[in-house]
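Enquirer: Pasted the sequence and its predicted model underneath.
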Amino acid sequence: MENNENSKDGAFKKRTHNLSANKQLRRDLRNNSTAAEATLWRMLKAKQILGKQFRRQFSIGPYVLDFYCPEARLAIELDGHQHFTPEGDHHDTNRSEYLMREHNISTLRIENHIVFKNPDGVIEIIKEALTT
């Protein structure tokens, strides 16, 4: 019963995280990450920021998150040029609203170029998001 898991009260609820149907997509995204994703991953992996564990290309419901910290319930999304269109903005808004409404997950959006221009600033923004 991959799509179900026991809740604390013994009832079954539908599983929404890292479904096997999305496994190949997640793997492809990890293996073909953008330069900004690869750079940020080097900063996040191995609990380098406040000792927090991050996952990359973690799926929740219909979305694959660039990075996710389960302990802090924080998604980090890197935004390239495709996000700065009306369609991209609409998709990003729907994603953020779904994550908050259905899973109580906050979304931190960072523009790709900032990862390269100000990596120390990016780390500070992430630290702030992890502690609020």
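Expert: Received, thanks.
Enquirer: use CA for all of it now, contacts and neighbours both
Expert: Noted.
Enquirer: Give me the next element, helix or strand, following the lengthiest helix in the chain.
Expert: Scanning the chain for the helix with the most residues, using DSSP state H, yields helix 86-103. Sequence order places strand 106-111 as the next helix or strand after helix 86-103, per DSSP states H and E.
Enquirer: That following strand packs against which elements?
Expert: For strand 106-111, the helices and strands in contact under the criterion 3 or more C-alpha pairs under 8 Å, 6 or more residues apart in numbering; DSSP states H and E are strand 74-79, helix 86-103, helix 119-131.
Enquirer: strand partners of that strand, parallel vs antiparallel please.
Expert: Take DSSP bridges as the rule and strand 106-111 pairs in its sheet with strand 74-79 (parallel).
Enquirer: pLDDT on the strand it pairs with, on average?
Expert: For strand 74-79, mean pLDDT is 95.
Enquirer: Also stretch 121-132?
Expert: Stretch 121-132 comes out at a mean pLDDT of 96.
Enquirer: Distance check, the residue nearest to residue 36 when sequence neighbours are not counted against residue 132.
Expert: The shortest distance from residue 36 to any non-neighbouring residue, by C-alpha to C-alpha, 6 or more residues apart in numbering, is to residue 112 (5.5 Å). To residue 132, residue 112 is 23 Å away according to C-alpha to C-alpha, to the nearest Å.
Enquirer: neighbour count winner among those two?
Expert: Using other C-alpha atoms under 10 Å as the criterion, residue 112 and residue 132 rank with residue 112 on top: 19 against 6.
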